[in-house]
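In: A predicted structure for the sequence below; I have some questions about it.
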Amino acid sequence: MPRWNNLGDLVDRSLDMERVAVVDLREPATPRSYTHRDIDRLANGVARFLTERGLARGAAVAIMALNRAEYIAAYFGIMRAGFVAVPINTKLAQDTIDYVFEDSKIVLAFTDGTRRSMVPAGVPLVDFDDAGPEGFAARIVPGDFETVRVEPDETGQILYTSGSTGRPKGVPLTHFGQLWALEQATAAVEREAERTLIAQPLFHMNGLFQSKVGFATNNQLIYMPGFETRAYIDALERYRVTNLMAVPTMLARVAKDTEALAGRDFSALRRVRMGSAPVTLALIEKLKDLFKVPVANGFGTTEAGPAVFGPHPGGIETPPLSVGYPLATAEVKLVDGPDENEGVLLMRNPAVMPGYLNLPAKSREVLDEGWYRSGDVFRRDEAGFYYFVGRADDMFVCSGENIYPGEVEKLLERHPQIQQAAVVPLPDEERGQVPVAFIVRRQDGSIDVDAVKRFTIDNGPAYQHPRRIEFVSDLPWAGTNKIDRKALIERARQLESAKGWSI
């Protein structure tokens, strides 16, 4: 059984509550430190504030801000009071944010000064940066609160993940499922001995789950509001970070900045782990050479949790590109492949979601008798280690963000001078994969590369914009009268090698 009943109550009060829990680097020159007692009492203040507003049990409360101490206190406090925390991707377009608020029926939002204008009209908000009587500091009074006991199947949080239709899908996750995942993830973590640097956003499972690990083990978290290479390197050295869990993109940029790395002391670092995107062997070797510590590759999904793979039970060392060996407590299998050692990964464990929010048909597509169909293709070697091969569909990952070619193509084809567009991934050491586009102009079109990039950046998420472009007279067809994406992927690699893209 988990040590806790409520996911919002990840506090081990038998350990040193005066130990620093959070170092908030929103203002690097004047960092703010919070002890475990500080965050505990602040979360209690959030829980009491929401309870006194008379919200219904299970009401959804949003958090839309950059990483900061108040963010994690609000996250815990929402769940501690029996409500549902909904961290929102701050990079989404306004119409998508509006959709998320409506889809999850959000009744109140915690936000920061920069993003408060993005909260839909009519939704009450609490601004972390508002110093007035309606701001967070005035309305949230640290103190005591009796944590609400929850039922085994009660939802604690809803995370939104990208969808092939262009709209994100809500993923309800239960208290008990996430607590089970934490039990697996913290089994080998030394209490009160780790300092973890987090620059990945807390609206993603990666940074959010690492935060929960930190609080469950009474360890220290150093929060950056976002990733910036030099600042990340500075924090890594200054705060004697012992543990890194990051998206490969981030560490690829770190490894590339040799000037900023010169003369640094990273001797406190014990381990580096990457997840949320494919990694290359070259990057792993660079990081091993740089940090002189073990570098591991992880895997998890929002829908089925991060506790899927771990070390080999026989003590065999995990190969560099493997995501590990299946945990004894988590079932996995490969289907629809050439044999039992390659195929689409299915997972079944207590952390698997009950189904997408308000999407019963989509839920039936990916869930069957507790098994979650990931859509990720894996292979298994002779020792039982698993390796990520790619997506079963066309989706690919760029800098930790899921990109569906159809979304970008539809965006490109909104431009009046573009007749047709096809988008495919191109391997990239720093970002995993990047989108590249093949574009057929309209007969009277004169749009150039810079104009295409500006249009996509201005009208969609910046990470979706095509990094390379070739203007073509027509797109190749496969035998089914569909665009031959395999041919375009090969063409993209040839163009990259020959530096033959349109300019």
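Out: Arrived safely, thanks for sending. Being a predicted model, the structure only gives us computed values, none of them experimental. Residues are numbered from 1 along each chain as shown.

In: check what pLDDT V119 gets.
Out: pLDDT recorded at V119 is 98.

In: ah, wrong one, I meant K453
Out: On the pLDDT scale, K453 is placed at 94.

In: what sits against it?
Out: K453 is in contact with 465-466, 469, counting by C-beta atoms under 8 Å, 6 or more residues apart in numbering. Backbone N, C-alpha and C define where each C-beta goes, glycine included.

In: try P461
Out: 91-93, 401.

In: cool, N6 as well?
Out: N6 touches 79-80, 147-150, 156, 175, counting by C-beta under 8 Å, 6+ apart.

In: turn the residues you listed into CSV, columns for distance to S473.
Out: CSV is the format used below for the contacts of N6 (distance: C-beta to C-beta, whole Å):
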residue, distance to S473
M79, 56
R80, 61
T147, 65
V148, 64
R149, 66
V150, 60
G156, 54
H175, 57
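
In: among these, name the buried ones.
Out: Among the contacts of N6, those classed as buried by 16 or more other C-beta atoms under 10 Å are 79-80, 147-148, 150, 156, 175.

In: ramachandran angles for R468?
Out: phi -130, psi 150 (degrees, to the nearest 10).

In: next, the buried residues of stretch 406-421.
Out: Quick answer for stretch 406-421 (16+ other C-beta under 10 Å): 406-409, 411-412, 415, 417-418, 420-421.

In: so which of the contacts of P461 are in strands?
Out: Residues from the contacts of P461 lying in strands, with DSSP state E as the criterion: E401.

In: quick one, helices of this structure?
Out: 36-52, 69-80, 94-103, 136-139, 175-186, 205-216, 229-238, 248-256, 258-261, 281-291, 360-366, 405-412, 449-459, 485-498 (DSSP state H).

In: would you turn the ones you listed into a markdown table with distance to R348?
Out: Output for the helices of the chain, formatted as a markdown table (distance: least, C-beta to C-beta, whole Å):
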| stretch | distance to R348 |
| --- | --- |
| helix 36-52 | 32 |
| helix 69-80 | 25 |
| helix 94-103 | 26 |
| helix 136-139 | 40 |
| helix 175-186 | 12 |
| helix 205-216 | 18 |
| helix 229-238 | 37 |
| helix 248-256 | 27 |
| helix 258-261 | 43 |
| helix 281-291 | 30 |
| helix 360-366 | 12 |
| helix 405-412 | 30 |
| helix 449-459 | 39 |
| helix 485-498 | 32 |
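
In: looking at these, which one is packed in the most?
Out: helix 69-80 (a mean of 28; mean count of other C-beta atoms under 10 Å).

In: output the contacting helices and strands for that one.
Out: Using 3 or more C-beta pairs under 8 Å, 6 or more residues apart in numbering; DSSP states H and E, the elements in contact with helix 69-80 are strand 20-24, helix 36-52, strand 60-64, strand 84-87, strand 106-111, strand 155-161, helix 205-216, strand 220-223.

In: which stretch among the ones you listed comes nearest D9?
Out: helix 36-52 (8.4 Å; C-beta to C-beta).

In: mind saving the C-alpha coords of that closest one as CSV?
Out: Listed in CSV are the C-alpha atoms of helix 36-52, where the atom choice follows Å, rounded to 0.1, in the frame of the first residue of the first chain:
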residue,chain,number,x,y,z
HIS,A,36,9.5,21.5,3.4
ARG,A,37,7.6,23.1,6.2
ASP,A,38,7.1,26.3,4.2
ILE,A,39,5.7,24.5,1.2
ASP,A,40,3.5,22.2,3.4
ARG,A,41,1.9,25.2,5.2
LEU,A,42,1.5,27.1,1.9
ALA,A,43,-0.2,24.1,0.3
ASN,A,44,-2.5,24.0,3.4
GLY,A,45,-3.3,27.7,2.8
VAL,A,46,-4.3,26.9,-0.8
ALA,A,47,-6.4,24.0,0.3
ARG,A,48,-8.2,26.1,3.0
PHE,A,49,-8.8,29.0,0.6
LEU,A,50,-10.4,26.7,-2.0
THR,A,51,-12.5,24.8,0.6
GLU,A,52,-13.8,28.1,2.0
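
In: now W501: closest residue in space that isn't a chain neighbour?
Out: Closest residue to W501 apart from its sequence neighbours, by C-beta to C-beta, 6 or more residues apart in numbering: R468 at 4.6 Å.

In: you'd agree that neighbour is up against L495?
Out: Yes. Using C-beta atoms under 8 Å, R468 is in contact with L495, at 7.0 Å.

In: so what sits against both of the two?
Out: The contact lists of R468 and L495 share W501, where a contact means C-beta under 8 Å, 6+ apart.

In: pLDDT score assigned to the nearest residue to F438 once chain neighbours are set aside?
Out: Distance criterion C-beta to C-beta, 6+ apart; nearest residue to F438, sequence neighbours excluded, is A422 at 4.8 Å. pLDDT, A422: 89.

In: so A422 makes contact with V436?
Out: No. At 9.5 Å, A422 does not count as touching V436 under the criterion of C-beta under 8 Å.

In: quick check: T35 touching V20?
Out: Yes. Counting by C-beta under 8 Å, V20 is a contact partner of T35 at 5.8 Å.

In: residues contacting V213?
Out: Counted by C-beta under 8 Å, 6+ apart, V213 has contacts 182, 185-186, 189, 196, 219.

In: tell me which two of those residues sit farthest apart.
Out: L182 and T196 (14.4 Å).

In: in JSON lines: the contacts of V213, plus pLDDT.
Out: What follows is the contacts of V213, written out as JSON lines (pLDDT from 0 to 100):
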{"residue": "L182", "pLDDT": "94"}
{"residue": "A185", "pLDDT": "90"}
{"residue": "T186", "pLDDT": "90"}
{"residue": "V189", "pLDDT": "86"}
{"residue": "T196", "pLDDT": "97"}
{"residue": "N219", "pLDDT": "96"}
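
In: ok, so of these, who is nearest F128?
Out: Looking across the contacts of V213 and measuring by C-beta to C-beta, the closest to F128 is T196, at 22.0 Å.

In: what's around that closest one, how many residues?
Out: 22 (other C-beta atoms under 10 Å).

In: with adjacent residues omitted, what lies nearest to it?
Out: For T196, the spatially nearest residue (C-beta to C-beta, 6+ apart) is N243, at 4.6 Å.

In: burial measure for the one you found, as a count.
Out: So N243, with other C-beta under 10 Å, has 24 neighbours.

In: isn't it up against E190?
Out: No. Using C-beta under 8 Å, N243 is not in contact with E190, being 9.9 Å away.

In: for P172, give me its contacts.
Out: 84, 155, 157-158, 353-355, 357.

In: do V171 as well
Out: V171 neighbours (C-beta under 8 Å, 6+ apart): 158-161, 302-303, 353, 356-357.

In: picking that back up, okay if I get the helices and strands packed on helix 69-80 as a markdown table plus mean pLDDT and distance to P313?
Out: Below are those laid out as a markdown table (pLDDT from 0 to 100; distance: least, C-beta to C-beta, whole Å):
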| stretch | mean pLDDT | distance to P313 |
| --- | --- | --- |
| strand 20-24 | 98 | 33 |
| helix 36-52 | 98 | 33 |
| strand 60-64 | 98 | 38 |
| strand 84-87 | 98 | 34 |
| strand 106-111 | 98 | 43 |
| strand 155-161 | 96 | 30 |
| helix 205-216 | 94 | 22 |
| strand 220-223 | 98 | 30 |
